[in-house]
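1. I would like to see how this sequence folds:
(chains A and B)
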Amino acid sequence: EPEVTQTPSHQVTQMGQEVILRCVPISNHLYFYWYRQILGQKVEFLVSFYNNEISEKSEIFDDQFSVERPDGSNFTLKIRSTKLEDSAMYFCASTGGQRETQYFGPGTRLLVL
Amino acid sequence: SQKIEQNSEALNIQEGKTATLTCNYTNYSPAYLQWYRQDPGRGPVFLLLIRENEKEKRKERLKVTFDTTLKQSLFHITASQPADSATYLCALLSYNTDKLIFGTGTRLQVFP
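-> Residues are numbered from 1 along each chain as shown, chains lettered A, B, ... in the order given. Okay, the predicted model is just below:
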């Protein structure tokens, strides 16, 4: 069964450094998402992406964040200058044309020191 | 403000019994309500979706009900097994948005 994949599984970085989290959505899906989950808290929406554009973003998704689909398969989340409070699990998700069900990847655990 | 509450942080039941988890929401008109399973350190795994005009959905040992008047969904796992032990997340999706809103989850522990 097709799956969303994410790399790396873990990333440790120093505060102020840039990180890029990578995702390969399910191949025939058209809509892509990033969510995050701070330890012990609920899963929170960051951004949705369709047709090479951001379609919706949350208040968390400020100027330090950006997303890109650099080729036909990858979908990336960049954090330009990481802060301690960016430490979280970051999940990529994708969905097809019906947009009812989002399928999540296994996540990248980001730790900012 | 919009709120999604799942009945308890943790639920412990004996193997073979039916687990019932509750999701209540306020100030929200969802088009779809979804249940996900999340294991520690892993991403949410989709289980079931129910639409606003549906009352009940079943899939194998899982059953979801949706009452838009009460603003509540119940999620049942019948004949529970230790392998069902996980956190179960309720998530809402409205029309004209792709933003899934998640509850905090209920951690289910099934004891042999």
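
2. close to chain A: what parts of chain B are there?
-> Residues of chain B found near chain A (Cβ under 8 Å from any Cβ of the partner chain) are B:32, B:34, B:36, B:41-46, B:49, B:89, B:91, B:93, B:97-105. In this view, the C-beta of every residue, glycine as well, is placed from N, C-alpha and C.

3. in strands only, show me these.
-> Among the residues of chain B next to chain A, DSSP state E puts B:Y32, B:Q34, B:Y36, B:V45, B:F46, B:L49, B:L89, B:A91, B:L93, B:I101, B:F102 in strands.

4. so what's the residue count around the last one?
-> A count of neighbours around B:F102, defined by other Cβ atoms under 10 Å in any protein chain shown, yields 22.

5. grab the nearest non-local neighbour of it.
-> Spatial nearest neighbour of B:F102, excluding adjacent residues (Cβ to Cβ, 6 or more residues apart in numbering or on different chains): A:V43 at 4.3 Å.

6. and the one you found, how close does it get to A:V112?
-> The spacing between A:V43 and A:V112, counted by Cβ to Cβ, to the nearest Å, is 19 Å.

7. show me which of those two is the more surrounded one.
-> Ranked by neighbour count (other Cβ under 10 Å), A:V43 and A:V112 place A:V43 first, with 26 against 19.

8. so how far is A:R99 from the more buried one?
-> Using Cβ to Cβ, A:V43 is found at 18 Å from A:R99.

9. so the residue nearest to B:F102 makes contact with A:Q37?
-> Yes - counting by Cβ atoms under 8 Å, A:Q37 is a contact partner of A:V43 at 4.7 Å.
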